[in-house]
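S.K.: sequence first, predicted model second:
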Amino acid sequence: MTRVVVSGGTVFDGTGAPAAPADVVVEDGRVVEVGTGLDGDEVLDASGMTVLPGLFDCHVHVCSSGLDLVQRLERPFSYQFYAAARNMAAMLDIGITSVRDANGADLGMKRAQEEGLLDGPRLSIAVSLISQTGGHGDGWRPSGCTMKYTIAHPGRPDGIADGPDAVRRKVREILRAGADVIKVCTTGGVLSSRDHPHDTQFQQDELAVLAAAAAAAGKPFMAHAQSPEGIKNAVRAGARSIEHGVHLDDECIGLMIEHGTWLVPTLTATRTVIDMAEAGVRLSPVAVAKAREAAEAHRESFAR
């Protein structure tokens, strides 16, 4: 077993103690000792740097590189995976060592990272997001064409389901594909063409079945939920986390505290849509308008 010493840096250990000069010893991928004057088989010189625990990003899409739909249409199918490798390496370079991919990364990518084929953070994967017809995950466009930001393939099932039986089957299908967590949309969203963040999606009987099917496999579920009714439905059904939470009212917050539900605010999401549009990226005017409407409310909800 190789004993690696990260030496000469200022160590921030996350316990609340102030950062201080120290060495960190790693054996077999685990930190085993922190102190001064430590030795080992290999030494990494961290002079002038700060050493800190790896960061977690609880909501990423490693296969998603930009929002320009025309550009995506012109890229070969496999291009997304090579771009994802670049995205993952960039995350690791800034200190993110674990991520939860909220739709897109499949079991092959997770295993490739675990076995050293991909340089990047550890992946916890949702594989696909579950959406009702006409919901946030439905890529139907007014032209009659369907264009999704993530396209189904053998390792990434399509996520559209309607009714309790179909939802139960879809959860099982996504679990079979290797999901660590189930992702469901209980409201509309910004980028989807034919709904709005204020729309409530999926009925409570559908969410109850989804929660039960996930729990039967020992897996939690996360909910894309932006407006109060959809947030509350998700929390009552047992969601482990609310993603976005753009419009939180007092009842939402109270229920989340009562149920121990986490908020993953994704504060950059709406701002990025606006910034891209202003930079000339070809985005749906409907999506940009929804992003502008949501941005201020999102900040206020997060502050609350």
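M.R.: Looks like it came in fine.

S.K.: for stretch 207-221, buried residues please.
M.R.: 207, 209-211, 213-214, 219, 221 (16 or more other CB atoms under 10 Å). From N, CA and C alone the C-beta is placed, and that goes for glycine too.

S.K.: which ones are touching the residue most central in space within the chain?
M.R.: Nearest to the mean C-alpha position of the chain, by CA atoms, centre = their mean, lies His59 at 2.2 Å. By CB atoms under 8 Å, 6 or more residues apart in numbering, His59 lies in contact with 100, 102, 243, 264, 266.

S.K.: could you list the low-pLDDT ranges of the stretch 51-200 of the chain?
M.R.: Scanning the stretch 51-200 of the chain for pLDDT under 70 picks out nothing.

S.K.: quick one, strands of it?
M.R.: 55-60, 96-101, 122-125, 129-130, 182-185 (DSSP state E, counting those that start in this stretch).

S.K.: out of those strands, nearest to Leu38?
M.R.: If you check each of the strands of the stretch 51-200 of the chain against Leu38 by CB to CB, strand 96-101 wins as the nearest, at 21.5 Å.

S.K.: pull up the pairing partners for that closest one, direction included.
M.R.: strand 55-60 (parallel), strand 122-125 (parallel) (DSSP bridges).

S.K.: just the buried residues of the shortest one, please?
M.R.: Of the residues in strand 122-125, 123-125 count as buried by neighbour count, 16+ other CB under 10 Å.

S.K.: now that strand - C-alpha only, PDB.
M.R.: Provided in PDB are the C-alpha atoms of strand 122-125 (Å, rounded to 0.1, in the frame of the first residue of the first chain):
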ATOM      1  CA  ARG A 122     -17.300  10.000  -8.700                       C
ATOM      2  CA  LEU A 123     -20.700   9.800 -10.300                       C
ATOM      3  CA  SER A 124     -24.100   9.100  -8.700                       C
ATOM      4  CA  ILE A 125     -26.500   8.800 -11.600                       C
END
